[in-house]
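Colleague: okay, predicted coordinates and the sequence, questions at the end:
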Amino acid sequence: MEDQVMTLARITDRMFPTIPSFIDNFFSRDLMDWNNSNFSSTNSTLPAVNIRENEESFQIEVAAPGLAKENFKVNLDKNLLTISSELLHEKEENVKKYSRHEFSYQSFQRSFTLPEPAVEGDKITAKYADGILYVTLPKREETKPKPARNIEIM
């Protein structure tokens, strides 16, 4: 299996030497600079993210249990994909002479620099199910791997 991944990476690099791999960008220094574009306003842990790539698309999975799809915002501005969430929970109790009002606030933001020519920005989709936000980024036709072909010599 590792040989197949290595082969795809080498073919992609040869076919599109100026287009960096989305996975490479994900692990680059600028993308992982938390002070730059990724933050949690409550100093809590940012949700874990998985990124997968296949021939048709990139998939981002964000682990965020306990939220609802209404709590998320997914925004694409040029080649910067930003996933954010806000959750405000309030609880008020009145018992005899005492009153108690408690609230909590959670928010986070994760940003990913996309390889501009590689993703169909207007076809990005997102869904939230079982505590995971799934974001699918379809690849442009010209960046998808092409099968080998024989070229006729004239």
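Modeller: Arrived safely.
Colleague: what's the pLDDT at residue 112?
Modeller: In this model, residue 112 is scored at 90, pLDDT.
Colleague: quick check, it in a strand?
Modeller: Yes - using DSSP: H, G, I helix; E, B strand; the rest coil, the assignment for residue 112 is a strand.
Colleague: how much space separates it from residue 46?
Modeller: Going from residue 112 to residue 46 by CB to CB, to the nearest Å gives 13 Å. (C-beta placed from N, C-alpha, C; glycine too.)
Colleague: so which of these two has more stuff around it?
Modeller: residue 112 (22 against 15; other CB atoms under 10 Å).
Colleague: does the more buried one touch residue 80 like I think?
Modeller: Yes - at 7.4 Å, residue 112 counts as touching residue 80 under the criterion of CB atoms under 8 Å.
Colleague: which regions of the protein lie under the pLDDT threshold?
Modeller: Flagging of the chain using pLDDT under 70 yields the residue ranges 1-45, 95, 98, 101.
Colleague: redo that, cut-off 90
Modeller: Applying pLDDT under 90 to the chain picks out residues 1-48, 55, 65-67, 78-79, 86-108, 114-118, 121, 141-149, 151, 154.
Colleague: can you show me the strands along it?
Modeller: Along the chain, the segments classed as strands by DSSP state E run 49-53, 57-63, 72-77, 80-95, 98-113, 125-129, 132-138.
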